[in-house]
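S.K.: My questions concern the predicted model and sequence given below.
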Amino acid sequence: MFGRGLTSLSIAAAALVTSAFALVFFYAPNDADQGFVQKIFYLHVPLALVALAGFVAGGLYGVQFLRSGDRSYDLRSYVAIHISIIFGVGALLTGAIWAKASWGHWWVWDEPTLVAFLVVFLLYACYWPLRFSIEDPERQARYAAVFAILGGAFVPLCFLSVRFAQAAFTHPRVLDASGGSMPGAMRLTFLLSLGAIALLYMTLFKYELAAKHASIQLRRLKRRLAGDETFAAPARSAAPQHL
Amino acid sequence: MPALPLDDAGPYVAGAFLVFLALVLVYVAIMASKLARIERELGELHEQLDRREHGAEEPGAAGEGTGASFRPTTAKEAPG
């Protein structure tokens, strides 16, 4: 069910990521200001943008779950947030490396973009403990959906508030109303990297969905074979246990 | 800060891309362990089914139609 088209998606993601990285190192020119170290930009920014988009997607799945009561949307919301947190870790680590090379510090606390991303990341780091703290699966799914919706609404607000803040930014601004100030070769490489990381996200999303769905089906099959009354209830888990 | 020369910038760029690679590989390793667990549990289910069907056949039904059985044919049962 969830694994359909996974092979072709995986091949496309691998091809696009390889092409994007080839463009990064062999096509895109070195930045006039930062030099070679600016290559991190093609990895760091797509990871951050895709992670934020994934958090919003988790909220949208949460809305669909509350509207329909279909547990597969709870699973989708959980997986979207799960993969976004992994991508968020990638964005934070690559950003810290870039900051050290560019500014001489691993982290700058008075930079709104960095701190806003960290706040969003820490907010979503509470998603797993929240789910784990609720034993009843129905309530767990409902509360997690509400959390995902509120968090998903917070993400664009946080992003916009940073954009409109009248602060002296150290962090470079890439996307603006005029479409950015990158030359053509850099823009093409950036857009391809963004597409590649987005496709990688979708591939991992489908992998995780398929794996979770397979374990849920397996547990259901075990229960049917053993008889509902003799089968022990599954251990408490942050992940959805039913569909 | 002025741009870092290539020799100094190289390790940082390599580090960032290696972090990305490591994240993907760790994810793949976790998925592999999950897959192994699912495979093991499927094997257990298979054994459970075998035992159940074997138990159902035992009381006087030996040698009768077992077309729907998942049980592999043993050497003892093999024709010839």
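M.R.: Arrived safely.
S.K.: tell me the contacts of A:Val89?
M.R.: Neighbour list for A:Val89: A:Phe121, B:Leu23 [criterion: CB atoms under 8 Å, 6 or more residues apart in numbering or on different chains]. The C-beta positions use only the backbone N, C-alpha and C, and glycine is treated the same way.
S.K.: Look up which helix or strand it falls in, please.
M.R.: Taking DSSP states H and E as the definition, A:Val89 sits inside helix A:71-103.
S.K.: and the next element down the chain from that helix?
M.R.: Next helix or strand after helix A:71-103 toward the C-terminus (DSSP H and E): helix A:112-125.
S.K.: how about that next one against chain B, any contact?
M.R.: No - interface with chain B: helix A:112-125 contributes nothing (CB under 8 Å from any CB of the partner chain), its closest point being 14.4 Å away.
S.K.: what's that helix in contact with?
M.R.: Defining contact as CB under 8 Å, 6+ apart, one finds that helix A:112-125 is touched by A:48, A:52, A:55, A:81, A:84-85, A:88-89, A:91-92, A:95, A:99, A:107-109, A:151, A:154-155, A:158-159, A:161-162, A:165, A:167, A:169, A:171.
S.K.: State the phi and psi torsions of B:Leu6.
M.R.: phi -50, psi -40 (degrees, to the nearest 10).
S.K.: what pLDDT does it get?
M.R.: As predicted, B:Leu6 sits at a pLDDT of 70.
S.K.: what's the answer for the one 5 residues further on, then?
M.R.: Predicted confidence (pLDDT) for B:Pro11: 91.
S.K.: count of neighbours near it?
M.R.: Counted with other CB atoms under 10 Å in any protein chain shown, the neighbours of B:Pro11 add up to 14.
S.K.: what does A:Ala125 give?
M.R.: The number of residues packed near A:Ala125 is 12, by other CB under 10 Å.
S.K.: what comes up buried for stretch B:34-51?
M.R.: Buried positions in stretch B:34-51, judged by neighbour count with 16 or more other CB atoms under 10 Å in any protein chain shown: B:Lys34, B:Glu41, B:Leu45.
S.K.: Excluding chain neighbours, what is closest to the first one?
M.R.: With sequence-adjacent residues excluded and distances taken as CB to CB, 6 or more residues apart in numbering or on different chains, B:Lys34 is closest to A:Ala211, at 5.2 Å.
S.K.: ok, that neighbour to A:Thr18 distance?
M.R.: Per CB to CB, to the nearest Å, A:Ala211 is found 24 Å from A:Thr18.
S.K.: quick one: which of those two has more around it?
M.R.: Under the criterion of other CB under 10 Å, the comparison of A:Ala211 against A:Thr18 puts A:Ala211 first, with 19 against 11.
S.K.: so that one touches B:Ile38, yeah?
M.R.: Yes - assessed by CB atoms under 8 Å, A:Ala211 is found in contact with B:Ile38 at 7.4 Å.
S.K.: Tell me, how many residues neighbour residue 5?
M.R.: Reading this off chain A. Other residues near A:Gly5 number 10, with proximity taken as other CB under 10 Å.
S.K.: wrong chain, I was asking about chain B
M.R.: B:Pro5: 11 surrounding residues under other CB under 10 Å.
S.K.: Excluding chain neighbours, what is closest to it?
M.R.: Nearest to B:Pro5 is A:Gly35, by CB to CB, 6+ apart, at 7.4 Å.
S.K.: what sits against the one you found?
M.R.: Residues in contact with A:Gly35 (CB under 8 Å, 6+ apart) are B:Ala3, B:Leu4, B:Pro5, B:Leu6, B:Ala9.
S.K.: and it, how far is that from A:Ser68?
M.R.: Distance, A:Gly35 to A:Ser68, by CB to CB: 52 Å.
S.K.: Next: B:Gln48.
M.R.: 35 Å.
S.K.: Could you do B:Ala14 as well?
M.R.: B:Ala14 sits 47 Å away from A:Ser68, going by CB to CB.
S.K.: mind checking how far the residue nearest the centre of chain A is from A:Glu135?
M.R.: Most central in chain A under CA atoms, centre = their mean is A:Ser84, positioned 1.9 Å from the mean C-alpha point. Computed with CB to CB, the distance linking A:Ser84 and A:Glu135 is 25 Å.
S.K.: Please apply the same query to B:Ile38.
M.R.: Distance of B:Ile38 to A:Glu135, given as CB to CB: 24 Å.
S.K.: where do the helices sit along the chain?
M.R.: You didn't say which chain, so I picked chain A. Applying DSSP state H to chain A gives helices spanning A:6-26, A:41-68, A:71-103, A:112-125, A:127-133, A:137-164, A:184-226.
S.K.: my question was about chain B
M.R.: All helices of chain B, identified by DSSP H, fall at B:6-57.
S.K.: What residues does it have near chain A?
M.R.: Residues of chain B lying close to chain A (CB under 8 Å from any CB) are B:1, B:3-6, B:8-10, B:12-13, B:15-17, B:19-20, B:23-24, B:27, B:31, B:34-35, B:37-38, B:41-42, B:45, B:48-49, B:52.
S.K.: Please tell me how far the residue nearest to the centre of chain A sits from A:Phe117.
M.R.: To A:Phe117, A:Ser84 is 12 Å away according to CB to CB.
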